[in-house]
Structures are given as structure tokens and as C-alpha cells.
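*Asks:* coords below, sequence missing:
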């Protein structure tokens, strides 16, 4: 049995020594696999092979299987912590880091760690000054894609963030939060840590958070299906009752002898 001393991850007899070596690279930042076309480097050989298909145009058979699940709604990969299900094993792995707290992607400039590689890439632009996104209206360079959307609203006039008290709309979430303080008068505003949506009641915030976590705490005793919200469970119970009643009414009556 092998042990990673950085995160106490255990690699048993069934796993190869290579698994431990590959895992250690998430801590050291070593990227020994290089693309001959673009020069981009990767931690794992599998990641390099996936990247190379962007040059060759080859479509991996695994991608087809994952894509087909978007039509069948099949989600075979389940989180052992919260029960949330996913289309692919990679999506499950990313989700599990929310529970474990693992942050395998480290910034080489300041040492800050991130759960997702995309978050690291966005952070690194703060050091390099890279601005890959440009406004189609005025040409201004933007660091993050979400900031580009916010900027474009200054041209379109779109105001997607609306005050639940008075209905006033805002182009940016921060502007909405500042405005909300005018209504609260000492009441605490609760914000969703995932998307920033605002709530006054804690129960409403917890209900909303399930849209991100996938938690389904309300099981239906008849079929075993679970629901995120009690109102959806109640609706299912009504449907089930109506179906049972319909089946009873349509059954042929046994003739009296």
C-alpha cells in the first residue's frame, strides 16, 4: 500500500505505482507530457491524448457515450456523499472536490490553489494581464468571460439582476446588493455562495442551494424516487394517487354469478 503524504490519499495493491506518481504531480505541478503541435504540457498522458484530438479532429468514443446520455438523461455516476448523479466520471470527480476540499491546481506565481483547472487559468490572468475576451461593440479587452457579459450590458441595457422588493433591475450583481440595503433596514440579506442570489429567509436559501448541490432529501415511499423540494414530492404523490384511481376504475368488473 502506498500513501501520499500531502493529502493522505491511499493507493492500494490493486492500483499501480504509476497512479501514485500521477497523483503526486497534482502537488508538484510537474507536467511531463507535451503536445508536439502546440507545446502545451499536461500532468497525465490521458489528458495529452484528449488534447491532441483538438488538432486531429478525432472524436473519442467516450465522448459519444457521454453525449448520448444527454438524450437518455442517464447519469450513472453517483456521489457517495450527497447522492447527486453525473453524466461522466470526470464530472463526478470535479464535484467530489466540494466535499473533500481538495484543490489540486496550484498557481505557480502565488501558490493559491483551486478546485478546477478553469479557475486556475482565470486566476493566472491576474498575474499575466492577459485579456482574451473583447467586446464586439467597443473592442475593450476583458480578463474573464463573465466580466465580458457584464460589460456588454452597458451597451445592450440588459438588467438581469432584479430587486425582489421593488422590481428595479441592475446590470451587475454588486449593484443589486448595494441597492438591497436600502430596503432591509437592519435585516440580514443571505446570499447563495454559488450564484449570488439573495434571500431574506434561511429556509428559502437552503431550498435554493439544492439546485447547485443536487441534494434530494424528500424520498417517495411508493417508488423510491427522491425530490429536492417538498412541493415536488407532494405533486408526485397526487399523480401517483390519480394513476392508482384511474387503474382501479378501468379494470373490468367481474360479472356476478
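*Replies:* That came in fine, so what should we check first? Quantities reported herein were computed from a predicted structural model and do not represent experimental measurements. Residues are numbered from 1 along each chain as shown.
*Asks:* backbone phi and psi for residue 33, please?
*Replies:* The main-chain torsion angles of residue 33 are listed as degrees, to the nearest 10 and equal phi -100, psi 120.
*Asks:* partners of it in the sheet?
*Replies:* Taking DSSP bridges, one finds residue 42 as the beta-bridge partners of residue 33.
*Asks:* Next, the contact list for it, please.
*Replies:* 41, 42, 43, 44, 45, 47, 48 (CB atoms under 8 Å, 6 or more residues apart in numbering). Where C-beta positions appear, they are placed from N, C-alpha and C, glycine not excepted.
*Asks:* Quick check: residue 196 vs residue 157, distance?
*Replies:* Noted for residue 196: a distance of 21 Å to residue 157, by CB to CB, to the nearest Å.
*Asks:* Settle it for me: which of those two has more neighbours?
*Replies:* Residue environment comparison for residue 196 versus residue 157 gives the larger neighbour count to residue 196, 12 against 8, counting by other CB atoms under 10 Å.
*Asks:* so which helix or strand takes in residue 93?
*Replies:* Assessed by DSSP states H and E, residue 93 sits inside helix 89-100.
*Asks:* Does residue 208 lie in a helix or a strand, and which?
*Replies:* Using DSSP H and E, residue 208 falls in helix 202-213.
*Asks:* Run through the helices of the stretch 151-257 of the chain in chain order.
*Replies:* Listed in chain order, the helices found in the stretch 151-257 of the chain under DSSP state H, counting those that start in this stretch are 173-184, 202-213, 230-250.
*Asks:* lowest-confidence stretch among those?
*Replies:* Within those, confidence is poorest for helix 230-250, with a mean of 68 (mean pLDDT).
*Asks:* low pLDDT regions in this structure?
*Replies:* Per-residue confidence of the chain (counting by pLDDT under 70) places the weak regions at 1-20, 22-23, 26, 56-73, 184-187, 242-257.
*Asks:* domain ranges for it?
*Replies:* The chain resolves into domains spanning 23-53, 79-156, 162-213 when parsed by the TED database.
*Asks:* check contacts around the closest residue to residue 117 other than its chain neighbours.
*Replies:* Of all residues not flanking residue 117 in the chain, residue 105 sits nearest, at 5.1 Å (CB to CB, 6 or more residues apart in numbering). Going by CB under 8 Å, 6+ apart, residue 105 touches 26, 113, 114, 115, 116, 117, 119, 120.
*Asks:* likewise residue 95?
*Replies:* If a contact means CB under 8 Å, 6+ apart, then residue 95 has 79, 84, 86 as its contacts.
*Asks:* picking up where we left off before, show me the one of the domains of the chain that comes nearest residue 220.
*Replies:* Within the domains of the chain, the stretch nearest residue 220 is domain 79-156; the backing value is 14.3 Å (CB to CB).
*Asks:* what about the closest one, how long is it end to end?
*Replies:* Length of domain 79-156, first residue to last, CA to CA, to the nearest Å: 41 Å.
*Asks:* Just give me the closest of the contacts of residue 105 to residue 35.
*Replies:* Within those, proximity to residue 35 (CB to CB) peaks at residue 117, which comes in at 15.5 Å.
*Asks:* I'd like the distance from that closest one to residue 91, if you could.
*Replies:* Separation of residue 117 from residue 91 (CB to CB): 14 Å.
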